[in-house]
Structures are given as structure tokens and as C-alpha cells.
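> Everything below, folded, please.
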Amino acid sequence: MTLVVQVENKPGVLNRVASLFRRRGFNIESLTVGHTEKLGVSRMTIVVDTDEAGALRIEANLYKLVHVQRVENVTATPTVFRDLAMIKVAATPETRAEIMQLAHVFRARIVDVNSESLMIETTGTEDKIDGLVEILRGFGILEMARTGRVAMTRGPRPEASATVLGQDDSLEDESVSYSV
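As a prediction, this is how the structure comes out:
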């Protein structure tokens, strides 16, 4: 099950959410947190192994937490899921070209090169990243970091379908980050 939870960006909120899962006996498989388009609001993507009844209990309990603004179970909704991984692989002069070709096949990027290793950055589904990791194991994975699942439903948000970012008077200019 995958939940998307919007919370106020306040100290201790992450701890309260994680403690709720612990107290209820649920193991969090993946937890990703970051800023949203709204100033002062963070978005948590939480992956938990549970059934529909457990999901409903978790959702009801999350809404009891003071700083939780919105909870959405996106498991059965058309959703785009992505994961990010950085993988440091042992590389000799003889294997460097082969590793770089494999990274290219998986649409990954080489972000660091030195005489003994390559660092590969990749994004995609968990299955894609698992596949790349499995192939790179033969070369020797020295270190790996993965973000966990991030999810966003397809199409407009149900209650905000008429609101376009930047056209809603309630959004402040500081809430949008522009980069090129």
C-alpha cells in the first residue's frame, strides 16, 4: 500500500508519523519526505505492507495527528512511481567501458569517476533499479543509497482540478521555486 500524506513542515512531525506506524505494529517499507509547491507543507510518500482494512485504520489515525493536512491512498489510483539510487561500483580500466554501456542501457548517468570506481545515478521504477543493481553486483557494488518510492497521481488533483499553480491567489510567490 502507498500513502501520500501532506503535513505541516514543523519539527517533530516525521517522528509523530513514524511513531504512529510503530505503535500500531506496521513496518514502514519506504518513507520519502520533501517540500511541496505550497510554502510550509511537506509531502510524505509512505509504503507499508498491509491490507485495505489496515490502510483505512492507518489513514484514520493519521488524520488524528495535529499537523497532518491530507492523506491519500494511491495504491489503486493511476499513479507514477519513481525511485532514485546512487550506486558506487568498482571499476578497473578493463571494466569501465562495459559499466558505462550498462548505465546507458538503463538510462542512468555517471556522476563521478575515479581510478577505482564509478558512481551511477538512476531514477525509475523499483524494478528497473533492482535490475540495474543485480547486473552491477558482478562488478562489485562498493556503496549504494536509495531514496525510496515517490508517488504522484496522474492528472489533476481531484479537489484542485480547476486550480493551476501560479493562478491561485492563495499561493504566495515564495511557494514556487523556479530553476532552469
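> pLDDT wise, what is the residue nearest the centre of the chain at?
Closest residue to the average C-alpha location of the chain: residue 150 at 2.7 Å, with CA atoms, centre = their mean. On pLDDT, residue 150 comes in at 92.
> And residue 56, by the same measure?
pLDDT for residue 56: 92.
> Disregarding residues adjacent in the polypeptide, which is nearest to residue 128?
Leaving aside its chain neighbours, residue 128 sits nearest to residue 106 (6.7 Å; criterion: CB to CB, 6 or more residues apart in numbering). Using the backbone N, CA and C atoms, a C-beta is placed for each residue, glycine as well.
> which ones are touching the one you found?
122, 124, 128, 131-132 (CB atoms under 8 Å, 6 or more residues apart in numbering).
> ok, now residue 129?
83, 85, 122, 146.
> thinking the last one is in contact with residue 84, fair?
Yes. With contact taken as CB atoms under 8 Å, residue 146 and residue 84 are classed as touching, separated by 7.0 Å.
> quick one: the helices in the chain?
13-23, 52-63, 96-105, 126-136 (DSSP state H).
> do you know which of those helices lies nearest residue 43?
The closest of the helices of the chain to residue 43 is helix 13-23. By CB to CB, the value is 11.7 Å.
> List the buried residues for that closest one?
13-14, 17, 20-21 (16 or more other CB atoms under 10 Å).
> what residue ranges in the protein score low on pLDDT?
For the chain, applying pLDDT under 70 flags the ranges 157-180.
> Specify the residue ranges that define each domain of it.
Under the assignment automatic domain parsing, the domains of the chain span 2-77, 81-146.
> closest to residue 154 out of the ones you listed?
domain 2-77 (8.0 Å).
> first to last residue in that closest one, what's the distance?
10 Å (CA to CA, to the nearest Å).
> where does that domain sit relative to the chain's centre, distance-wise?
13 Å (CA atoms, centre = their mean, to the nearest Å).
> now stretch 73-83
That offset, for stretch 73-83, works out to 11 Å (CA atoms, centre = their mean).
> Then stretch 90-108?
25 Å.
> And that stretch, end to end?
Note: stretch 90-108 ends 16 Å apart using CA to CA.
> In that stretch, which residues are buried?
Within stretch 90-108, judged by 16+ other CB under 10 Å, the buried ones are 91, 96, 99-100, 102-103, 106, 108.
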